[in-house]
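Q: Let me see the structure of the following:
(4 chains)
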There are 2 protein chains.
Amino acid sequence: MLQCRMQLIFRAGIILDLDRSNNHEQPIRSIPILRRHKQPDPRPVSARRVTLTDIARGCGVSRATVSLVLRGSPLPAADTRTRVQAELKKQGYVYNRAAANLRQRRSSSVALVVNDLSNPFFAEFAAGVDEALGAAGYVTLLGSTSESPERQQRVLTSLMEHDPAGIILSPAEGSDGAQLQQILGTHVPVLVFNREPAHVQWTASHWDYLALANRRGAALATHHLLERGHRRIAFFGGHADSSSCRERRCGYADALAAAGIAVEPELLIETAPTRLDAAARTAALFVHDPAPTAAVCYNDAVALGLMLGLATRGMRAGRDFAVTGFDDIPEAAVSTPPLTTLASDPRARGHQAATRILERVRHPDIDAVRGSVPVRLIIRASSEATIA
Amino acid sequence: MLQCRMQLIFRAGIILDLDRSNNHEQPIRSIPILRRHKQPDPRPVSARRVTLTDIARGCGVSRATVSLVLRGSPLPAADTRTRVQAELKKQGYVYNRAAANLRQRRSSSVALVVNDLSNPFFAEFAAGVDEALGAAGYVTLLGSTSESPERQQRVLTSLMEHDPAGIILSPAEGSDGAQLQQILGTHVPVLVFNREPAHVQWTASHWDYLALANRRGAALATHHLLERGHRRIAFFGGHADSSSCRERRCGYADALAAAGIAVEPELLIETAPTRLDAAARTAALFVHDPAPTAAVCYNDAVALGLMLGLATRGMRAGRDFAVTGFDDIPEAAVSTPPLTTLASDPRARGHQAATRILERVRHPDIDAVRGSVPVRLIIRASSEATIA
DNA sequence: CCGATCTTTTGGAACGATCCAAGGAACTCG
DNA sequence: CGAGTTCCTTGGATCGTTCCAAAAGATCGG
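A: Predicted coordinates for the structure are as follows:
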């Protein structure tokens, strides 16, 4: 009955594991949180924050009045307002939003959890999210998971303790929806971006979902290669157990089917979604006899790796072999040759995600939205190779 | 006497400008904050957060006891602990760190303010910061400024209201230290990264400073080109009013001086630190007669732009002209030709920055630290061109 | 001058946690 | 048996804000 482990995470990354509740040998004494209390308050007394009460005392009105002035209520008389505002300025008052949020049972932050900021796609996305949230007066709580579901659980637990108004989550690969739902509960609005974790009960929670038009994008790329005359086209890279890879493969299959071509399993090649592994696995394209003349790649990193791998075999992408990518990372435009790929404007996606989660915060009860965002094909030299 | 404008920023980006306090024509009535109150609490009553009191009631103990159990104090009796823990799990309790922080007058977040997440250097840096902060149990409050000092003021004000334990700030170009200090006050620990704003009274505040070894790095690159036989070397890109550009120019001058070569002003060429502008201004290198044969570029973006500009003039970097960059962004390794540049491992810098700000949070009174982080020269093909 | 109305101000109880001093129960010991 | 110890538990004040109901002034008509 204690199947699912529930963990509460405290500051300094300390995990109080409730399942240990049977161990009575003081399993908890080792938790160092109380040590903190032994330290005197690190801030000197003079460093105390200026509060409403200080202002109120300073100009002889009540806290309530100062609060009203602060929030720009029309109630206070004009000269009271002036006096209070002068005092605010004089003492250098800084609003304590945490206290206000506590009282109002409201939150002014949104958590953003991404796998990897060093991926330019996510970095742009994060920039977009932060811009839009900031404009709406919200603050972004950042969390990154490095594609590790365990880290993701920890990060989410920690973020939840900060009571975000909503969560924008680009799940780590292999994350489990049930585990997520256990940590996130059913009440905080969640927008799942880009990837669909397994075992999510979409109906139980009202989670929104926003993903690129993976299927359509891959179909566009494949169709483009077909137009150039290619008939043996590989799908190169990614793991078949990630939802985005599966969707892209579907699009690839769609386009082939429309051209009356059957999908050949040996032309579906898996790699880690990194440049390095893609380069290393290039040879797998050429083991079967009529070798493919083109490849739709899982994403740009894979495509760049493949182009590297081709070069080491004496082939040049765009001349001897056609390559397409996915994401349009900045490098795609300046690689040699420049990479044909699918652009999705990740910064705009970030805006979109932020806008939607705020909308959901305002209206928690409307039905969940499953959205897909359009991508467009950017044709560059890497797909110029044609079939004579 | 009201020279400096002081602004208080409220949610939804509304600015209550205290200098308007003279306008009595209800300048404030337009502030829509009160509208919010008219909406009923958007969350259904059942969505209420589970609190300590709920748990206490649920298993017949006092709030204080539950709190002790939560924090892993050795005080509670073993069976009490078990009962409480069962109840915590049963009700799906989520710790409210904001409330705890309020009582404890402590903060568990650190603000990170960067110009531009879409710059891979800062993205990596942010990832490093978040990793290290997360490991220490802190949450990252993200803010981005898009290089605009005005946006930076707004963002910082908003972040300050969330009471961060410290701030890691990579200042927007052209930010003014005095304005920053006015908003940040003198008590919150600040770590200034990468760039030095003008007019900071470093002695008044205890701000730490962490920057790349700009001067030494540029000297390394220049020295490298000198070794290859170049004598006319330009410094290309950046604005002379940014501190990092000035420092890099100093290093460039150092190396030239060591080789007994005078700096020629016409070889100092300014550009915006972007690929595009650098490409556009390439011609400026070749207006004087013995034209330079090599250029030390302000950063990688500029260097990549310069290589593009050279190509349109029929020259190839690495063959006809030697180029070096700064930052070692991922593209540098895969451009054609690959770019000689200075690497600084931004992710590790992020760790370092986070570690230092936490150290400062623990010891607010030790002297401010001014640190510079080493860079190393990565030699690639773009600087291969030699003087016959 | 009194009550009615309107405008402005206010004290005190929240919000969800922690801290503290004090209380009760169970033991021990002389 | 009563005092002292140890172990565990607790009520109430507190953090900095907002909300609410009600008080205090001001204005006015009759």
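
Q: Now do the helices in the stretch 101-250 of chain A.
A: Using DSSP state H, counting those that start in this stretch, the helices of the stretch 101-250 of chain A run over A:120-135, A:149-161, A:177-184, A:214-227, A:243-258.

Q: and if you look at the stretch 251-388 of chain A?
A: A:275-280, A:300-312, A:330-334, A:346-362.

Q: Helix A:120-135 and the second one, what's the angle between them?
A: Put plainly, it is helix A:300-312. Put simply, helix A:300-312 runs at 160 degrees to helix A:120-135, going by axes from the mean of the first three to the mean of the last three Cα atoms, to 10 degrees.

Q: Show me what helix A:300-312 is packed against.
A: Contact partners of helix A:300-312 among helices and strands, from 3 or more Cβ pairs under 8 Å, 6 or more residues apart in numbering or on different chains; DSSP states H and E: strand A:233-236, helix A:275-280, strand A:294-297, strand A:322-324, helix A:330-334. From N, CA and C alone the C-beta is placed, and that goes for glycine too.

Q: how about these in a markdown table, adding mean neighbour count?
A: As requested, the helices and strands packed on helix A:300-312 are exported to a markdown table (neighbours: other Cβ atoms under 10 Å in any protein chain shown):
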| stretch | mean neighbour count |
| --- | --- |
| strand A:233-236 | 26 |
| helix A:275-280 | 18 |
| strand A:294-297 | 32 |
| strand A:322-324 | 28 |
| helix A:330-334 | 19 |
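
Q: out of the helices of the stretch 251-388 of chain A, nearest to DNA strand C?
A: Ranking the helices of the stretch 251-388 of chain A by proximity to DNA strand C (Cβ to the nearest atom of the strand) places helix A:346-362 first, at 17.2 Å.

Q: hang on, the earlier thing: export the helices of the stretch 251-388 of chain A as CSV, with columns for mean pLDDT and distance to DNA strand C.
A: Below are the helices of the stretch 251-388 of chain A laid out as CSV (pLDDT from 0 to 100; distance: least, Cβ to the nearest atom of the strand, whole Å):
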stretch, mean pLDDT, distance to DNA strand C
helix A:275-280, 90, 45
helix A:300-312, 93, 42
helix A:330-334, 82, 44
helix A:346-362, 96, 17
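
Q: in stretch A:122-141, what counts as buried?
A: A:122-134, A:136-141 (16 or more other Cβ atoms under 10 Å in any protein chain shown).

Q: Go back to those and keep what's next to chain B.
A: Among the buried residues of stretch A:122-141, the residues within reach of chain B (Cβ under 8 Å from any Cβ of the partner chain) are A:123-124, A:126-127, A:130-131, A:134, A:136-141.

Q: Looking at these, which two lie furthest apart in space?
A: The distance between the two most remote of these (Cβ to Cβ) is 23.3 Å, for A:Ala123 and A:Gly137.

Q: Any residues of the stretch 101-250 of chain A in contact with DNA strand C? List them.
A: Within the stretch 101-250 of chain A, the positions adjacent to DNA strand C are A:Leu102, A:Arg103, A:Arg105 by Cβ under 7 Å from any atom of the strand.

Q: Just among those residues, which is most surrounded?
A: Ranked by the number of neighbours (other Cβ atoms under 10 Å in any protein chain shown), those place A:Leu102 first, at 17 neighbours.

Q: In the stretch 251-388 of chain A, where is pLDDT below threshold?
A: Across the stretch 251-388 of chain A, the ranges flagged by pLDDT under 70 are A:388.

Q: Right, and DNA strand C sits closest to which residue of it?
A: Here the residue of the stretch 251-388 of chain A nearest DNA strand C is A:Pro364; by Cβ to the nearest atom of the strand that distance is 16.6 Å.
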